[in-house]
Every structure is written in C-alpha cells, then in structure tokens.
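[1] got a predicted structure here, sequence first:
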Amino acid sequence: MAPPGRRRYGALTVVIALFCIFASTAHAASAVLGIDLGTSYLKGALVKPGIPLEIVLSKDSKRKEAAAVALKTPRTPLQAASATFPERAYGGDALALSARFPGDVYPNLKPLLGERLASSRAAAEYQQLHPAVEMVGVEGGRVGFRSPSFEADAAPFAVEELLAMELKNLRENAEEMAGGARITDAVITVPAFYTAAEKRAVELAAELAGLKVLALVSDGVAVGLNYATSRTFPSVSEGGKPEHHMVFDMGAGSTTATVLRFQGRTVKDVGRFNKTIQEVQVLGSGWDMYLGGDSLNELIIQDIIEQFVEKPEAKAASVKIEDVKKHGRTMAKLWKDVEKVRQVLSANQESSGSWEGLYQDVDFKYKISRARFEELAAEHAIRIAAPVKEALSAANLTFADLDSVILHGGAVRTPFVQKALEDLAGDASKLRSNVNADEAAVFGAAFKGAGLSPSFRVKEIRDSDTANYVVNMKYMWNLKERNQKLFSTTSRTGTVKEMPFKMLGDFEFTLSQDTGRDHEEPVLSVRTGNLTAVVTDLIDKEGCNRDDINTKFSIKLDPTTGLPEIVKAEASCEVDETEKKGGVVDGVKDFFGFGSKDGKQEPLKDGEEADETTETVEPETSSSASASSTSESAKASESAEPKVPKKKTVTSNIRFSTSREGFEKVSKEEMKRMKDRLAAFDASDKARIARETALNELEAYTYRSRDLLEEEGFVAASTEAQRTEIQAKLSEVSEWLYDDGSDADEKTLKAKHAELKALIVPIVTRRDESRKRPEAISDVKKALDQTQSMIKLIKENIDKAAEASSSAEAAASASSASAASSSTPAAEASGEADPLADLEEDETPSPSSAAEDAQATEPAFMSPYTQADLDELNKAFDDASKWLDEKLAAQDKLTATDDPVVSSKELERRAEDLNRISIELLQRKLRMPGAGSGKKSGSKKTNDKKSKKSKSKKDKKAEKAEKEKAAEETKDEKETPEHGEL
C-alpha cells in the first residue's frame, strides 16, 4: 500500500472518472436545434436524448412564430449609454404592436440578409412596404435600422443583430423545452439561391445569438431528408432504379424547385461487413427570388389602396395613393391583416376585411373574390413555370422522369399555384402532399443535425447539394487578367479540384460566384506567402529545373456551406534519384540470403552464385511550409544490365492566407459592440422582469392584507390600534402605486413591501401559532409518554441480563467441578494407551463435552442496552418534561395579542429529539446479534458439534484400521522399550 499522502489511484478509478467527465460533457452538448429560417415564420425542432424530433413551441404554445421583433418605444428616447433598454416583443406580440409603433417593428428581415443598402432591390421593396422604419447603412454597407427608441447618436441596428434577437428567443424556448439544458449547436435552412454573402450573414446572426452552425442546408435538401427518413429506396448496388422527385417550395419570400435523386447503396462497414445506406442527391435547382406569399399580399394591398382612394370620403380629403403608401401606421395595419384575407381565398370563393380609421379617420370595408385575385396574380402564375423548368434542365430530366412533385411551403395551398403545377406535370396525381408542408424542412434540418452530432445514432442518409452558382478563379498572368472556371452549377458539394499554376513567385487570386446579376460576387481572396522561397529551395537544394516546377492549389466545395475553400497548396518537380550504396549490414544480409525483401527473390540453381546487388528505398520526407518531402517514382532494376536513372517527385508545401470578399468579416470592434448591446438588452430584460415581479407581489400583498383585516383569526391576534395602523399603511401604499409607484424601481418596491410585512407578519405569526400550538404540545406529551415506556423497557432488560449473568456463572462453576471429578477415574482406568488414540473421536461424548453442550443450548440473556443508555434517556426525559412545564406556564400568562413564548417549531423539534433517541436505541437492539435470549447462537453451536460427528461408522472403522496398521509397522522398525522402563 502506498504511504499516506502518496496513495495511487487505480486504473479503474481513473477510467470511471474520465467516463463521468466525458459523459457529462456529451450530455451537455448533446442537444441539437434545427431551424427553418423562413421569411414570415421561424420554426425550430429539438433533438435531445429523451426528446426525439420535437417542434419547439413558442411562449404562447404555437408551433411556429412570426419572424418579427419589436422594440416597445419608451416615453422618452434612451441615451446611447443608458442601462435601460426597450422591452422586446417577438412573433405575434411584435406584429400586434405594428399599428402603434410601426417604426420599431421589424418583420420579414430574411430578404435583407447579405444585401448592400445602396444597390439592393430587396431593401428598396422593404422600405416601400414598411415606410415607418428608418433604414440606414452600417459597417460594410450592410442594411441597418435606426430605432426611434434611441437618440440619434446611438448606433443603428444591423439586420443580423435584429435576426440574432429572434434566433436567441427561439433558442431560449428550446432550452426551456429541454429542461434548462444549454443548446449551442444548430442546423439552419437557407434557400438554394443564397450566395456567400447571404450565408455568411446567417452565420453572423447565429453567432450573435450564441449558436454554432453545424451546417447550412438548402430547403429542398431538408425536405428531401425528411421524406427519406421514413422510406427505403432501391439499391443501385443491386441493380435497383433510383427514384426522382421534385421539391416545389413556395414560401412567403421566394419559390424554389429542387430535383432530387433518392437511392440506396451498399458500402463498406466495419471489418468485413457491408451496409446499405440511403442517398439524397441534388441534381438541379431553379428559383424565383421574388415570387412568394408576400408578393401576392402586395397585390391585395395595392388593390385595397386603389379602392380606398376612390371612396367619396377619401376624395373629399384629397387622399392620394402615394400618401397612403407612405403612411407607416396605415401600411402596418394592411400588412398585418391582408395575409389572412389571402389565406381565406384558398378555401373560399370570397374574402373580406374591414379597418376603422384606415387613413385620416376614414373607415374602409374591402371584399375580394377568388376570380378577382387570380386576375390580379395572372403574371405571377406565369412565373411559376420558370423555376420548375430550370431545375429539370439542370438535372437533364423531364416531368415524365419524375416520380412525384413534393409540395412544401404555405403558398402552395393557393389554388392557381397548384393548377399551374398540374398543367406543367400533365398529371395531377404527381402532385403529392406526402410531407408536412409547414414542418418538413425544420424536421429535415434537425435530422441532419442529429447525424452530424456524435451524441446520436440515426438512420444513415447521405445527402449532397450542388454549388448552384458557377465558381470562377481570377488571377493575373503576364500582365493580363485570367478567368478560370472551377465549378459548375451542378458540381456536388465535397468535390475537390486541383488547379495548376505556372507562377514561380508569390501571387494572389480571387474566387467568385457568377450569380447572373450585374456582376460576379467575390467570395475568397487567396495570397501565397512563401512561394518564391520554396521555388528557390527546390532549385538549390533538390536540384529541380526551374521550368519543371509546378504550383498547384487544391480547392474544395465545403459540404457544410457549399462555398469554396482552399485545402492545400504545394510546389513540386521531378528529379533524378541518386541510388545509395549498401553498407556492411546490407552485405551480411546478402551473404546469408536476406538481401531482398520484396518477395521476388528466386532460389539459386545448382552451380549459380548469388549476385551482390542491393535495393535501396528512399524514405519519404515531409516538411512544413518551406521543407520538402520526397517519394519514389521508379523501382530499382534487378538485372545486372545498365540501370535507367530513377525519378522521384519532390514536393513542398506553400503557405497561403485567405480573406473573405463580398460580405466582409465584421471587425472585432463592431462584433464586440453588437454582443455588448445584446447582453445589455438581456440584462435590461432581467431587471425589468424583476421589477415587474416586485410590483405584482406588492399589489397582490395589499389585496390579501385588506382581506386579513376582516378575518376572525387575524382580528383575535391583533389589537384595534394595530389594525388601524395597518389600514392607514395600506391606503398610503395603494395611493402611491397608482401615482408614482408604477414607475418605481425594484429596490423601492421591495422597501414598500417590507414596510407592510413588518406590520402584518407578526400578527399572522401569532394567529398561525395559536392554531398549531395545541397539536404541537400534544406531540411533545406523546413523545414523553413513549420515552417513559422506553425507560421502563430498558430497565427491565438490564435487570434481566444481570440475573441471567449470575445464574450462568453459578452453572459454569458447578459444571467445571463435575467435569474434573469424572475425568480423573477415566484416565486412571486406561492401562495401555494407544499412541494414536488421541487422533480419534469417541462416539460417546465425554462428561465435559456434555456439560459444554448443555451450556451452549441454554446461553445467558444479553441486554443490548447499558446503564449509560438508561441514564441518557432519563436525562432527556427529565429535561424535556421540565422545559415543557416552564414554557406552558409562561404561555398561560399571555393573551392572544402577545407574541408566543414558544413556537410550534420548537415544540416539534423537542418531540423529534425524544423520538430520535428512542429510535436509535431500538435500532441498536435490532442490529446486535444474539441480543435477548440468544437461542439462535446456542442452537448454531449445537448444530456445529453435531455436524462434526456426522461421519458414518463404516468410514470411522476404516480409518481406525489404517491407523492401527501404521502403528504396527512403526513398532516393528524400532526397538520399543518395555512399559516398565518408560
């Protein structure tokens, strides 16, 4: 054993400790959140051990939440350095404030992500639909908003900052659903047409919300994953035919069509086993970035405004269409209610709406038929075909090749949309509603997150998306700009391409996306750091020819984002390899026939001598950025003919640096500022909630206190003067609450609450004590009675044990004398003693053993208690009796309005102490073996003795005969003297 202070822990202990650490860490990080980032609604799905794929409910128990955040405008604008921030509202609560605070409600922010304010069509349309918001530019030219809740010198809110508030609210709802577990990992859906700038904006918003993005998955792939989770597809490894489906997703902001291939495949598993997996592959995508439910709502809003200005009341007020469109509250009212008007038309032939004081106190009632709506949306219906045809063209398929069209998104329920799809397909049966049109994408995102997390084991479904945009490379060569195409629109994510260059000096190049807009969107800028030095080393140290040096970059489409990234860069060349001569050890090996290790050495023929040739393998050397690594490119010749020089390839890694282009990475200062402001919002929310809680508690306490003044028990425990003082204090607090108290801080509210409690709590305590005291006194008296009974029992046990001990001593003395007298004659009667007789067991017990058996079967009584136990219990009883008598005597002298001498809790503790001592003594008796009569131990000894004598007589006789024979043999070998001589 190791000395104290240096004891070593066993391996098992260390393993268990590490397992506990890893298990707790895995449990903390096991939850994954899938987020469907929609234009009008946000949806979340949680995956956690014990919670498989559950929709995250909003605070009002809805399965989706409107994608809106509002800042409740305070009475006075807040300073930039203020510690108090406006209250935030989310979802439906935020939209409900749009008519009152249109300048501080920010709905449908998704189209603004990654956009530049100066050149954004989406920003211009957003400003028209929400004229009350003040849109400004922020760092990098991104879109931002200036809130009227803050003074002009306060920094505006970036779109990503506002979206981060919505994502954090969703995360908090998920954490509450997960039992308080912290959630940091998320998979977020994005449209197929998102560029690098838009994807990076989503990642920025997620980072501000405290989320780590495991992957960005396109809407079509997410729906496809959800479709594949409950299905098994034909295996192409076994000759099966893949299934082809199109996901047609028409949401609030855009429309996308994605052609997917579903198939099974047999792949290598652990060891010699194989397994069949499911594959979901994107073959082609098409989209319309501005066709969706919001664009249909705009048609109805435009029709409402046109009809409104034709009303006589509006004409009398000289109301113009431009005036209505620029009025923030009017547009907020229309935007809030018009979606419901459109949704009703999906199931009914007519829909209507009404607004009181829509503009300049002019009321308006509106009615629209489905036919009128379809007439307004005729051009939009024509645009439905374009995304479908683009997706089929990219996949090189036709509608006849599709097994079905999977519908997703809220706007697909519009009748003319389904009619247009039926006309395109030529077969209405191909349109399928076999997934949840609202939740399939969020479930697919959550499933992908579970597959990426090591904490879950799910059905293995491998998905792959496409680049969707052509990725080009631009660089300068011979003073001319070169443009090289790297990836096409259908290149799969995860693909790696090697791009060779002829440059031998440091250079830079740019990767960009050809989005089909006015100009290409730059994505990544790459600059080499040591190419010139690497080339010099290859020439000087490795003997490379300058013209033979090749520079190569490996570029990959990141499977988690679909954006290009640089995997590695290296320079290489081929040089002649110098063959090494064998040493002494190699010669010895050759002499004994161990020179060749390649398995090609042949046995020698008769009379043939072994050649003394050796084969040298150059080890592959690897280096850092400036070191080189070598590998063989040819094998040594085994013949004695002249050898051809071998070639080897020398490679050296190139250092490079990358920087984002387009959507630049936010500066550290700006990132810190946004995070600090979001943290200040959270702190302000907590402080406001604490203040509101204190206010509610104070108001509730005043109401309860008024009821107490009329309660019989409270009146009995208080004096008239005390009740009068309480009444006056309640009136004072109530008046203060209705005047200045509603704006008081938490500290002041708690102080007022404490003043009321100081008057009321003592009286309530007296009332409660008068009710509880009789029962508590009764419990103490019962405990005293039980203690007294216990004292009597212990005393009887101790007395009985003393008597039993005296009797046992007397019996032991008598049996000892009897055994001594009976054993002496027996010893004298034995004339010739058998030298082996003491090894045998007599079948007839001796008198002494009989006495022992008698003593064992009737043991002495043993008491589990001692005199010290009795003294302790007596003392506890006396102290409690005296204490109770004194307290009751003092309490009897008091009135009902006096504070009690003894509380019910003190009485309960006294009773518990007495009962505890008695219980401990009783448990000691149960634990002590052989306590009481001791019959069990005596019977055990008797049984042990009987078991020793359980041998059969036959066995004993055989054993005795063997002993006698051995004794005779010993007697013959020795000369034994006569007995007289002994």
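    In hand now; what should we look at?
[2] ok but residue 145 is inside a strand, no?
    Yes - applying DSSP: H, G, I helix; E, B strand; the rest coil, one finds residue 145 inside a strand.
[3] run through the bridge partners of it.
    residue 135, residue 157 (DSSP bridges).
[4] going by neighbour count, list what's buried in stretch 755-768.
    756, 759, 760, 763, 764, 766, 767 (16 or more other CB atoms under 10 Å). (C-beta placed from N, C-alpha, C; glycine too.)
[5] helices or strands up against the host helix or strand of the third one?
    Pointing back at residue 760 there. Per DSSP states H and E, residue 760 falls inside helix 746-829. The contact analysis (3 or more CB pairs under 8 Å, 6 or more residues apart in numbering; DSSP states H and E) places helix 746-829 against helix 668-708, helix 712-716, helix 720-739, helix 847-857, helix 867-892, helix 904-927.
[6] let me know the closest of the buried residues of stretch 755-768 to residue 696.
    Ranked by distance to residue 696 (CB to CB), those are led by residue 756 at 14.4 Å.
[7] please report how far that closest one lies from residue 568.
    73 Å (CB to CB, to the nearest Å).
[8] export stretch 714-730 to CSV, keeping only CA atoms.
    What follows is stretch 714-730, C-alpha atoms only, in CSV (Å, rounded to 0.1, in the frame of the first residue of the first chain):
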residue,chain,number,x,y,z
PHE,A,714,-56.4,37.8,12.4
VAL,A,715,-58.7,40.1,14.5
ALA,A,716,-58.3,37.9,17.5
ALA,A,717,-54.5,38.0,17.3
SER,A,718,-54.3,41.8,16.9
THR,A,719,-55.3,45.0,18.7
GLU,A,720,-57.6,47.7,17.4
ALA,A,721,-54.6,50.1,17.2
GLN,A,722,-52.6,47.6,15.2
ARG,A,723,-55.4,47.1,12.7
THR,A,724,-55.9,50.9,12.4
GLU,A,725,-52.2,51.4,11.6
ILE,A,726,-52.3,48.6,9.0
GLN,A,727,-55.3,50.2,7.4
ALA,A,728,-53.6,53.5,7.1
LYS,A,729,-50.5,52.0,5.7
LEU,A,730,-52.5,50.0,3.1
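[9] go ahead and name everything in contact with that stretch.
    Under the criterion CB atoms under 8 Å, 6 or more residues apart in numbering, residues 702, 705-706, 708-709, 755-756, 759-760, 763-764, 766-767, 770, 896-897 lie in contact with stretch 714-730.
[10] same thing but at 7 Å, please
    702, 705-706, 708-709, 755-756, 759-760, 763, 766-767, 770, 896-897 (CB atoms under 7 Å, 6 or more residues apart in numbering).
[11] shaky segments in the stretch 651-800 of the chain?
    664 (pLDDT under 70).
[12] of all the residues in stretch 368-387, which ones are buried?
    368, 370, 373, 374, 376, 377, 380, 381, 384, 385, 387.
[13] could you do stretch 240-247 as well?
    Here stretch 240-247 shows 242, 243, 244, 245, 246, 247 as buried, counting by 16+ other CB under 10 Å.
[14] ok, now stretch 414-423?
    Of the residues in stretch 414-423, those buried (16+ other CB under 10 Å) are 414, 416, 417, 418, 420, 421.
[15] please apply the same query to stretch 401-415.
    402, 404, 405, 406, 407, 408, 409, 410, 411, 412, 413, 414.
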